[in-house]
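Chemist: following is a predicted model, sequence given first.
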Amino acid sequence: MISYKRHVLSNGLTVVVNRDHTSKLAAVNILYKVGARNEHPERTGFAHLFEHLMFRGTHAVPDFDLPVQMACGDNNAFTNNDYTDFYITLPKDNIETALWLEADRMTGLDITPEALETEKRVVIEEYKQRYLNQPYGDQGMLLRSLAYTRHPYRWATIGLSPDHVARASLEDVQNFYHRWYHPSNAILSISADIDEERLFTLAENYFGTITDTPSVADPLPVEPEQHAARRLEVERDVPATAVTLAYPMGDRLSHDFYLGDMVSDILAGGDSARLYEHLVKRDRLLSSVNAYITGELDPGLFVFTGQLLPGHTVEEVEAAFQHEMQTLREQPVSSYELEKVKNKFEANTLFGELNIMNKAMNLGFYEMIGDIGLVNREVELFRAITADELTGFARRTFRPEHCSTLVYRAKR
């Protein structure tokens, strides 16, 4: 259990705090409710670009990392399709350094033409290295564009094309900053051995004077229901052909999220799970295999993927995946498998709560999705799942007309 208190400042900043009596460190996390899904289709990659720009310094602090290091701290950030997250870990006695820095760059970012051009080059090079020049690098991007037709999940966080970032003007970037980086679009979450009311006071001292500049977010396009199977085959210079099947599933707050998460663990939660046991060890069909859910805020995907061993065909792999799905549709999961994945989830949750940064991040995330109490209820939600529910999930999710198949063939 993660204990917490919550307070909203007059400017709209949500503050969630946890008192951790066991740590000498403090974790300061600030989440901005902007990700790749909030971008315009002609200006993708901006959320990720802006994550980079946030470390370029402000008018008051030209080098963001230096004060963190002087306070014996560490900091980093990440961007995904749903949000952007910045975090600092440092000794609890130095927590005000982290709060000062985050409050300063919420409004004081110094976006110069030189800084923008530098970070544009960095992001474009990252795009090339990770997605264009890496074996299987564009596999996820191709899958998204196949499985989604309207929703902005159809592009990855890095963007649809490096040209979008290359064309970004200083005005474009400043407009993005002012629209999304302000108090009412942010969540400050802290875990430290400091009295909760003291943390609220510190948050007020550093963030309370920041003027909010709220804007109304445009409604996101709704992905229409898929009524026919889709298929895409490409050829790339890779060592082995890969086959990926994706099926639409519920959003992060739906019960299907938990069912899908459990089914993915039954199929691919380690070397003793079904797909590895059957398709790698027994049948020698695949060299690697996985099943996972994307777990995004809006309706996501349940994905099967594997790389073929020599001497086998794409058709064999597709048939093998379909056989595993058919088994899930027709035969209840054994009590042993069910208990194993439930125990694994509970253990991972408990171990995760030992880390103060995990606690700060989780509090920010669950506040963002609109049900902060879930941070302490998810174990019981998993514990309550039955074999019949998993069968029902498989029947309504793994339907032929909902399948998007990506065949990523190795060049001969």
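Modeler: Now that the structure is in, tell me what you want to look at.

Chemist: surely Tyr292 is within a strand?
Modeler: Yes. Tyr292: assigned to a strand according to DSSP: H, G, I helix; E, B strand; the rest coil.

Chemist: helix or strand: which one has the residue nearest to Phe78 when sequence neighbours are not counted?
Modeler: Excluding its sequence neighbours, the residue lying closest to Phe78 (C-beta to C-beta, 6 or more residues apart in numbering) is Asp85, at 5.6 Å. C-beta here means a position set from N, CA and C on the backbone, and glycine is covered the same way. If you go by DSSP states H and E, Asp85 is part of strand 84-91.

Chemist: number of nearby residues for His178?
Modeler: For His178, the tally of surrounding residues (other C-beta atoms under 10 Å) stands at 12.

Chemist: the strands in the protein, which residues?
Modeler: Along the chain, the segments classed as strands by DSSP state E run 5-8, 14-19, 25-32, 74-79, 84-91, 186-192, 230-236, 242-248, 286-293, 301-308, 404-410.

Chemist: mean confidence (pLDDT) on the shortest one, please.
Modeler: The one in question is strand 5-8. Averaging pLDDT along strand 5-8 gives 98.

Chemist: please apply the same query to stretch 118-137.
Modeler: Taken as a whole, stretch 118-137 has an average pLDDT of 94.

Chemist: for it, which residues meet the burial criterion?
Modeler: By neighbour count on 16 or more other C-beta atoms under 10 Å, the buried set for stretch 118-137 is Glu119, Lys120, Val123, Ile124, Tyr127, Tyr131, Gly137.

Chemist: same check, this time on stretch 274-288
Modeler: Neighbour counts using 16+ other C-beta under 10 Å place Arg274, Leu275, Tyr276, His278, Leu279, Val280, Leu285, Leu286 of stretch 274-288 among the buried residues.

Chemist: which non-adjacent residue is nearest the fourth one?
Modeler: In other words, His278. Closest to His278 by C-beta to C-beta, 6+ apart is Glu324, at 7.0 Å.

Chemist: quick one, grab the pLDDT at the one you found.
Modeler: With respect to pLDDT, Glu324 scores 98.

Chemist: got it, and Pro214?
Modeler: The per-residue pLDDT reported for Pro214 equals 89.

Chemist: kindly report the same for Thr305.
Modeler: Per-residue pLDDT puts Thr305 at 98.

Chemist: so what's the nearest residue to it once chain neighbours are set aside up against?
Modeler: Spatial nearest neighbour of Thr305, excluding adjacent residues (C-beta to C-beta, 6+ apart): Thr244 at 4.2 Å. The contact partners of Thr244, by C-beta atoms under 8 Å, 6 or more residues apart in numbering, come to Gln139, Leu143, Val303, Phe304, Thr305, Thr405, Leu406, Tyr408.

Chemist: ok, Gly73 - contacts?
Modeler: Gly73 touches Ile88, Thr89, Leu90, Pro91, Asn94, Thr97, Ala98, counting by C-beta under 8 Å, 6+ apart.

Chemist: same thing but 7 Å
Modeler: Contacts for Gly73 (C-beta atoms under 7 Å, 6 or more residues apart in numbering) come out as Ile88, Thr89, Leu90, Asn94, Ala98.
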